[in-house]
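*Asks:* Below are the sequence and a predicted model for it; my questions follow.
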Amino acid sequence: MQLGVIGLGRMGRIVVDRVLDAGHDVVAFDLDEEAVASAAEAGATPADSVVDLAERLDDEKRIWLMVPAGEAVDAALADLEPHLDGDDVVVDGGNSHFEDSTRRADETPAAYLDCGTSGGPAGAELGFSLMVGGPEWAYEELTPVFDAVATGPAGHDRMGPAGSGHYVKMVHNGVEYALMQAYGEGFELLAEGRYDLDLEAVARTWNNGAVIRSWLLELCEEAFREEGTDLGDVDDYVAGGSTGTWTVREALEQEVPVPLIYQALGERFGSRAREDGRFSRRLANRLRYGFGRHEVARRE
Ligand SMILES: NC(=O)C1=CN([C@@H]2O[C@H](COP(=O)(O)OP(=O)(O)OC[C@H]3O[C@@H](n4cnc5c(N)ncnc54)[C@H](O)[C@@H]3O)[C@@H](O)[C@H]2O)C=CC1
Ligand SMILES: O=C(CO)[C@H](O)[C@H](O)COP(=O)(O)O
């Protein structure tokens, strides 16, 4: 099979390499010329624009977008549109919002597959978990590519119609937030608690047979090994947040309670305190004096 890949960053480059390794042909484009040159060195055919990529592909085009969610996806699709027809298939493997994906599925002349991708850069060796939404025939058609990009045939499946792949990935990310929060709280209690513990040793022990073993816990073990048990100079600032916000918003619309995900999202936003501290915490500090004459902690 021949696949066009647009977006050759951390994730797109893995798509290129795994598809090449599986014996398929790749035509590759990125706004970053160095990324294109590097993909060409790996065996892909370089393209110097989206249009050039489309023109280098066979009649029945198979194209994988791996660009940042939002405008970049619409920009690539706008350039592709004159070159697409109903026999072509476009996969969006990024973290697009599922409603953008249903809109794009309606607007794009090709069959459109929204593909939630999980596994991060570690997927280079392991392969990804792929959650695909869209027409069944297009999913079947792209199965050799999904087999190559995923951990294998069990690492991908069609979730349902347009939007469902990115919907499942959105919820996946909500779960990711809550799990990170749970591990974070547990390790914080261990760090602040009664015993002088080696948290890498705790994580390693848990990862070997404990009920709560997981890849995220392996990443906790790695973090303590590389940063130290007190996490060294790692700041208490957590970036990102868009996918968790989408999950919470959808849960509110569906009237489904997701208190853990909501709390984890709030903690993430809460980590972005002003340099002089969170206003709400400062006010709570002062109010305890107001109602109980408790001592007010004041800045040095
Ligand atoms: N990094 C991760 O762990 C994961 C990322 N994702 C999603 O995958 C997508 C890609 O993420 P990354 O590879 O991490 O991002 P990245 O920032 O490493 O790479 C994005 C690439 O797209 C290129 N690009 C941007 N606009 C373009 C355009 N209009 N035409 C062609 N190329 C363009 C950039 O030059 C860059 O090389 C995003 O939607 C992200 O949310 C999904 C799962 C995990
Ligand atoms: O999808 C992912 C992991 O599964 C990506 O790492 C994503 O960037 C994380 O999203 P957020 O910025 O909302 O934390």
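*Replies:* Perfect, thanks for sending it. Ligands and ions are numbered 1, 2, ... in the order given.

*Asks:* Pull up the gap between the residue in the chain that ligand 1 sits nearest to and L260, please.
*Replies:* Going by C-beta to the nearest ligand atom, ligand 1 is nearest to G9 of the chain, at 1.7 Å. C-betas here are computed from N, CA, C, even on glycine. To L260, G9 is 31 Å away according to C-beta to C-beta, to the nearest Å.

*Asks:* hang on, the earlier thing: so what's the residue of the chain closest to ligand 1 up against?
*Replies:* G9 makes contact with 30, 32, 35, 66-67 under the criterion C-beta atoms under 8 Å, 6 or more residues apart in numbering.

*Asks:* ok, 7 Å please
*Replies:* Contacts of G9 were listed using C-beta atoms under 7 Å, 6 or more residues apart in numbering, and they are A35.

*Asks:* Could you say which helix or strand holds it?
*Replies:* Per DSSP states H and E, G9 falls between elements, in no helix or strand.

*Asks:* What segments of the stretch 1-150 of the chain are helices?
*Replies:* Taking DSSP state H, counting those that start in this stretch, the helices of the stretch 1-150 of the chain run over residues 12-21, 33-41, 50-56, 71-80, 98-107, 123-126, 136-141, 143-149.

*Asks:* If you count neighbours, what's buried in the fourth one?
*Replies:* Right, helix 71-80. 72-73, 76-77, 79-80 (16 or more other C-beta atoms under 10 Å).

*Asks:* for the second one, same thing?
*Replies:* Along helix 33-41, these residues count as buried under the neighbour rule (16+ other C-beta under 10 Å): 35-36, 38-39.

*Asks:* on that earlier part again, so which of the helices of the stretch 1-150 of the chain is nearest Y177?
*Replies:* helix 98-107 (17.2 Å; C-beta to C-beta).

*Asks:* If you count contacts, what does the closest one end up packed against?
*Replies:* strand 111-118, helix 164-192 (3 or more C-beta pairs under 7 Å, 6 or more residues apart in numbering; DSSP states H and E).

*Asks:* Can you give me the buried ones in it?
*Replies:* 98, 100-105.

*Asks:* A182: which of those is nearest?
*Replies:* Of the buried residues of helix 98-107, the one sitting nearest to A182 (C-beta to C-beta) turns out to be F98, at 25.5 Å.

*Asks:* contacting residues for that closest one?
*Replies:* Counting by C-beta under 7 Å, 6+ apart, F98 has contacts 114, 163, 166-167, 170.

*Asks:* let's go with 10 Å and repeat that
*Replies:* For F98, the contact set (C-beta atoms under 10 Å, 6 or more residues apart in numbering) comprises 114, 116, 133, 162-171, 246, 250.

*Asks:* mind checking pLDDT for it?
*Replies:* F98 carries a pLDDT value of 98.

*Asks:* ditto for R274
*Replies:* With respect to pLDDT, R274 scores 68.

*Asks:* Take the helices of the stretch 1-150 of the chain and lay them out in CSV including distance to ligand 2.
*Replies:* Compiled in CSV, these are given as follows (distance: least, C-beta to the nearest ligand atom, whole Å):
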stretch, distance to ligand 2
helix 12-21, 13
helix 33-41, 18
helix 50-56, 23
helix 71-80, 14
helix 98-107, 14
helix 123-126, 10
helix 136-141, 21
helix 143-149, 15
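
*Asks:* Any idea which of these has the lowest pLDDT on average?
*Replies:* helix 123-126 (a mean of 94).

*Asks:* And that one, what's buried?
*Replies:* Applying 16+ other C-beta under 10 Å to helix 123-126 flags G123 as buried.

*Asks:* got the contact list for that helix?
*Replies:* By C-beta under 10 Å, 6+ apart, the surrounding residues in contact with helix 123-126 are 10-11, 13-15, 17-18, 117, 119-120, 129-130, 149-152, 155, 215.
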